[in-house]
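*Asks:* Build the 3D model from these lines:
(one chain, ligands or ions: 2)
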Amino acid sequence: MEKVCVLGAGSWGTALAMVLAENGYDTLLWTHRTDQAEEINSLHTNRKYLPETVLPENLYATSDIAEAVAHSETIVVAVPTKAIREVCEKMIATLDKKVLFVHVSKGIEPDTLKLISEILAESLPAEFIEEIVVLSGPSHAEEVVLHHPTTVTAACANIEAAEKVQDLFMNQFFRVYTNKDVLGVEIGGALKNVIALAAGISDGLNYGDNAKAALITRGLAEITRLGVKMGGNPFTFSGLTGMGDLIVTCTSVHSRNWRAGNLLGQGMKLQEVLDQMGMVVEGVRTTKAAYQLAEKHDVAMPITTALYSVLFSDIEPKVAVDALMMRMKKREIDDMIY
Ligand SMILES: NC(=O)C1=CN([C@@H]2O[C@H](COP(=O)(O)OP(=O)(O)OC[C@H]3O[C@@H](n4cnc5c(N)ncnc54)[C@H](OP(=O)(O)O)[C@@H]3O)[C@@H](O)[C@H]2O)C=CC1
Ligand SMILES: O=C(CO)COP(=O)(O)O
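*Replies:* Ligands and ions are numbered 1, 2, ... in the order given. This is a model prediction of the structure:
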């Protein structure tokens, strides 16, 4: 039986560990908090991140990363983007065999502009990497733990590795597709969080469904424009990891990015919002990265630019929306040609 560990016991790491344990794999969930590992092992709960959920009894937790790594042929990395390098550092000291890595984080590192797969590839010794596969798509943890039907994509240039991850996770309520376009999948997964923050702001300002449909559609246009210029497959952006994830994140009350945007739209300041959320809001740092990528690749990303001005230049959300609406006249479809 395949031995697997999940690094990171937040909502997503815990939900995915639950899927793997329910699929019958020998699964260890690593948390950097001893009390949380004890809670998971004794009470089978993770009250901070999934308060309503009872975890399977065959899911064990540890706060010893060496134990988790030694246990595993496959390692699922499920910490926020800003913690990836630190977790890699901790893993290096303990790796002694080739491992299949799966990452599920949705962000881009500001300043270096690296995707998560690139950070993993440069931070971990090549001789211990069997492959790096990205698992992404429209999938809120809160619904996965309820066994509500969910579809995601496993992406890797090596399709056999993607298929191995497909087999690991796939079950009756968790359907996994494959894709070779790692860059397109990672760009779509990261940048939908930026647009979801904007959609939350729009809802916080009490703008209606017209505004949200506009943000989703024009958001997808700018994500696709950037992603294709960087080498992604245009079709990836209308798939699960592009349009699919954009829809779920812009419209779901479960989305931390949408909820954070909603509070910003109601007038709360960014730091207050982040303090109140208590969970990662990936879109904030990714907005900075996306703004930098747009400049680097000379791609127009008006929604990202407007959001950047709200988050980092203290522009009032309503002023940013007015400026977006009054941009130079454009053709819709020509603008989509890359
Ligand atoms: N939630 C979801 O439905 C989905 C999330 N994702 C992505 O998964 C990633 C993780 O998100 P999610 O689980 O929701 O985040 P949460 O905020 O729910 O949890 C983050 C977890 O990571 C832990 N953590 C933070 N920093 C470190 C560190 N330096 N070392 C070890 N552990 C650390 C946190 O520990 P602590 O409790 O100590 O803060 C917490 O357990 C994100 O990139 C997100 O975009 C993708 C799909 C769905
Ligand atoms: O990626 C997600 C759903 O697919 C989770 O989005 P949030 O981080 O906004 O909650």
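*Asks:* Near ligand 2, which residues of the stretch 51-200 of the chain are found?
*Replies:* 106, 138-140, 193, 196 (C-beta under 6 Å from any ligand atom). Yep, even glycine has a C-beta here, placed from its N, CA and C like the rest.
*Asks:* mind redoing it with 5 Å?
*Replies:* 138-140 (C-beta under 5 Å from any ligand atom).
*Asks:* Need the residue closest to the centroid of the protein.
*Replies:* Lys106 (2.4 Å; C-alpha atoms, centre = their mean).
*Asks:* Please state the backbone phi and psi of Pro56?
*Replies:* The phi/psi pair for Pro56 (degrees, to the nearest 10) reads phi -60, psi 150.
*Asks:* Count residues in the vicinity of it, would you?
*Replies:* Pro56 has 14 neighbouring residues, counting by other C-beta atoms under 10 Å.
*Asks:* Name the nearest residue to it, ignoring sequence neighbours.
*Replies:* Ala21 (4.6 Å; C-beta to C-beta, 6 or more residues apart in numbering).
*Asks:* go on, Gly283?
*Replies:* Gly283 sits nearest to Asn193 (C-beta to C-beta, 6+ apart), 3.4 Å away.
*Asks:* Kindly state the pLDDT recorded for that neighbour?
*Replies:* At Asn193, the model reports a pLDDT of 98.
*Asks:* I'd like the distance between the residue in the chain that ligand 1 sits nearest to and Gly278.
*Replies:* Sorted by distance to ligand 1 under C-beta to the nearest ligand atom, the residues of the chain start with Gly10, at 1.7 Å. Separation of Gly10 from Gly278 (C-beta to C-beta, to the nearest Å) stands at 10 Å.
*Asks:* Among those two, which residue is more densely surrounded?
*Replies:* Using other C-beta under 10 Å, the more surrounded residue of Gly10 and Gly278 is Gly10, with 20 against 10.
*Asks:* hmm, back to that, tell me the confidence at the residue nearest to the centre of the chain?
*Replies:* At Lys106, pLDDT is 98.
*Asks:* I'd assumed Val194 was in contact with it.
*Replies:* No - with contact defined as C-beta atoms under 8 Å, Lys106 does not reach Val194; the gap is 10.5 Å.
*Asks:* intersection of neighbour lists for those two?
*Replies:* Common neighbours of Lys106 and Val194 are listed as Thr286 (criterion: C-beta atoms under 8 Å, 6 or more residues apart in numbering).
*Asks:* Now stretch 76-91: buried residues?
*Replies:* 76-81, 83-85, 87-88, 90-91 (16 or more other C-beta atoms under 10 Å).
*Asks:* Oops, could you answer that again for stretch 23-32 instead?
*Replies:* 23, 25-32.
*Asks:* As JSON lines, those residues with pLDDT and secondary structure would be great.
*Replies:* Output for the buried residues of stretch 23-32, formatted as JSON lines (pLDDT from 0 to 100; DSSP: H, G, I helix; E, B strand; the rest coil):
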{"residue": "Asn23", "pLDDT": "98", "secondary structure": "coil"}
{"residue": "Tyr25", "pLDDT": "98", "secondary structure": "coil"}
{"residue": "Asp26", "pLDDT": "97", "secondary structure": "strand"}
{"residue": "Thr27", "pLDDT": "98", "secondary structure": "strand"}
{"residue": "Leu28", "pLDDT": "98", "secondary structure": "strand"}
{"residue": "Leu29", "pLDDT": "98", "secondary structure": "strand"}
{"residue": "Trp30", "pLDDT": "98", "secondary structure": "strand"}
{"residue": "Thr31", "pLDDT": "98", "secondary structure": "coil"}
{"residue": "His32", "pLDDT": "98", "secondary structure": "coil"}
